[in-house]
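> below are the sequence and a predicted model for it; my questions follow.
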2 protein chains.
Amino acid sequence: MVSKEEIIDFIKNGGAHYLNDLSIECIIFGYHDQELKILLGRHSSGDWALPWAYIKKEETLQSAAERILKERTSLENIFLQQFHTFGDSQVRLAGALNTLAPPEIATEFGEDNWLLKRKVSVGYYALIDYTKAEVKAEFPFEEFQWHSISSVPTLIFDHKEMLEKALLTLRNQIHLQPVGSNLLPEKFTLPEIHVLYETILNKTLDRRNFPKKLLSLGVIEKLSEKRKIGQHRSPFLYKFNKEKYGEALEEGMVLAF
Amino acid sequence: MVSKEEIIDFIKNGGAHYLNDLSIECIIFGYHDQELKILLGRHSSGDWALPWAYIKKEETLQSAAERILKERTSLENIFLQQFHTFGDSQVRLAGALNTLAPPEIATEFGEDNWLLKRKVSVGYYALIDYTKAEVKAEFPFEEFQWHSISSVPTLIFDHKEMLEKALLTLRNQIHLQPVGSNLLPEKFTLPEIHVLYETILNKTLDRRNFPKKLLSLGVIEKLSEKRKIGQHRSPFLYKFNKEKYGEALEEGMVLAF
DNA sequence: AATTTATTTAGTAATATTTACGCATTGAAA
DNA sequence: TTTCAATGCGTAAATATTACTAAATAAATT
């Protein structure tokens, strides 16, 4: 909970502590019920947005992104990737992007207030285990919610474009690095990872051929354990082979889907 | 040619015209004599660096990068790709990165001069036809020279890391998009494109199988024209199929090498 | 003029991977 | 007991990749 005095102080004096020309936006992907989801926050104005924050003058980009992530989800040591820096949209160039700094701020705090300056944004995306995230909001957000990427509400600023670019990057990256270790629980089924890949790639993959590919790489291993799913045959559980997965992340691979 | 007065004005008052927390660095790749080369500039201090500049407050990132490129090579409408934003190295955090602003500037122009502030850098790489570049220098550089990527001089700031990251990005990207259209002349030989790919990938590709791959994609086409190379069999010339090449850039492809 | 040298062209064959697809097993609901 | 549908477990054909040799070429050398 942030008091009004703290908000005013932030607006007036924050420019001395934060980089004035930059912000960080974080696209937080989770996976649940065979849907890729993103974490969105609602401003007090009612607008939905990606998680974002300013960068402290002495803070690295990476640690700033990690801070945002921890503040929103309570998670640490998770997969976090810088993907693009945005600064060219009209909304960013105009410098009128900040719901913290409505028009009246120009009269109350001066036209050269740091919040009225153009903000270039360094975009990161994170892949997290949905079940482990403890979502929490704080100023300037009132609440956060998970949304399926197939039903994203209207987003402010250029956040729609940012989300699209993050998805495109993830979609391309999937050919060069395996994905899933961060999004799935430790033990998962073939249908779960299958649908995850189909969701990211936005295409249909043959249910009988797809597992052969991952197994031939050695990034996943079959367990003897099964999961009861009700009135159908119980699927086997699988886990990631940390060593092979790590090698595939490190050295790259090229997978056509 | 920039006068001393202009330099002083730039140092004193540039902060009102340029983003204070950001710069742009440009890795300009060319290809010549079967070597990948980069364009480097020498500061008056003797240090070698990547081409870089500040971003005007009203300038988009893309047009700033295009401006740097045109100023250095006289070229327009060329392949230019943002690849990573850098800000976390000690040299950048310390804010002591600028050879324009040596220690005495803190006394002469004040410790809060815009040039002494930390600069986060948005990195772009360009792929240009070496034969078309008209290289020219201006303040703060004294001269520019092409260097083979296998014999790069010591670079200031974190420019070595930036170059490495650009190469890595290019190396990864080559699996998702064809490369060469920007680096090779309109007509080229198989050995030329073969060595280009080998140089970027840093691995050996079979001389007999490699062309079949590009031909099977349809991105290159064989001409009936040959190029005399002296005391050996004249190789055929090839050209890019603009349509197929454009499709491969647009829709992506996945090529293992 | 013949021979040499080395680059390039033009393949073939073996192997690996991908693609397409069907049938059997399973397990709760009907 | 039967039904339904998800999952497991394949096989076969098509395609791509990999490994590699020999022929053609063209100026230099003898």
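Great, that's in hand.

> what phi and what psi does the backbone show at the closest residue in space to A:T73 that isn't next to it in sequence?
Spatial nearest neighbour of A:T73, chain neighbours left out: A:A133 (4.1 Å); criterion: Cβ to Cβ, 6 or more residues apart in numbering or on different chains. Yep, even glycine has a C-beta here, placed from its N, CA and C like the rest. With angles defined as degrees, to the nearest 10, A:A133 sits at phi -80, psi 130.

> pretty sure A:A133 is touching A:G30, no?
Yes. Applying Cβ atoms under 8 Å, one finds A:A133 in contact with A:G30, separated by 6.4 Å.

> need the overlap of contacts for these two.
Common neighbours of A:A133 and A:G30, using Cβ atoms under 8 Å, 6 or more residues apart in numbering or on different chains, are A:L39.

> residues of the stretch 101-250 of chain A that sit close to chain B?
The stretch 101-250 of chain A comes close to chain B at residues A:118, A:120, A:122, A:172, A:175-176, as judged by Cβ under 8 Å from any Cβ of the partner chain.

> what is the most widely separated pair among those?
Spanning the widest gap among those are A:R118 and A:H175, at 34.9 Å by Cβ to Cβ.

> now do the same for A:S216: its pLDDT.
pLDDT, the model's per-residue confidence, is 91 for A:S216.

> distance check, it against B:Y54.
From A:S216 over to B:Y54 the distance is 50 Å, taken as Cβ to Cβ, to the nearest Å.

> so between the two, which is more surrounded?
B:Y54 (23 against 8; other Cβ atoms under 10 Å in any protein chain shown).

> chain neighbours aside, what residue packs nearest to the more buried one?
B:Y18 (3.9 Å).

> distance from stretch A:145-163 to the middle of the chain?
Centre-to-centre, stretch A:145-163 and its host chain are 11 Å apart (Cα atoms, centre = their mean, to the nearest Å).

> can I get it as CSV, trimmed to CA atoms?
Provided in CSV are the C-alpha atoms of stretch A:145-163 (Å, rounded to 0.1, in the frame of the first residue of the first chain):
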residue,chain,number,x,y,z
GLN,A,145,-4.8,-11.3,-13.6
TRP,A,146,-3.8,-14.1,-15.9
HIS,A,147,-5.3,-13.9,-19.4
SER,A,148,-5.2,-16.4,-22.2
ILE,A,149,-3.2,-15.2,-25.1
SER,A,150,-6.3,-15.9,-27.2
SER,A,151,-8.4,-13.4,-25.3
VAL,A,152,-6.3,-10.5,-24.3
PRO,A,153,-8.1,-7.3,-23.4
THR,A,154,-7.3,-4.0,-25.0
LEU,A,155,-3.9,-2.9,-23.7
ILE,A,156,-2.6,0.6,-23.3
PHE,A,157,0.5,2.2,-24.8
ASP,A,158,2.1,0.0,-27.4
HIS,A,159,1.8,-3.1,-25.2
LYS,A,160,-0.2,-5.0,-27.8
GLU,A,161,2.7,-4.6,-30.2
MET,A,162,5.1,-5.7,-27.5
LEU,A,163,3.1,-8.8,-26.7
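
> average pLDDT for that stretch?
Mean predicted lDDT for stretch A:145-163 stands at 95.

> any buried residues in it, and which?
For stretch A:145-163, burial by neighbour count (16 or more other Cβ atoms under 10 Å in any protein chain shown) applies to A:147, A:149, A:152, A:155-159, A:161-163.

> for those, which one is nearest DNA strand D?
Nearest to DNA strand D out of the buried residues of stretch A:145-163 is A:I149 (Cβ to the nearest atom of the strand; 21.3 Å).

> against chain B, how distant is that closest one?
Separation of A:I149 from chain B (Cβ to the nearest Cβ, to the nearest Å): 19 Å.
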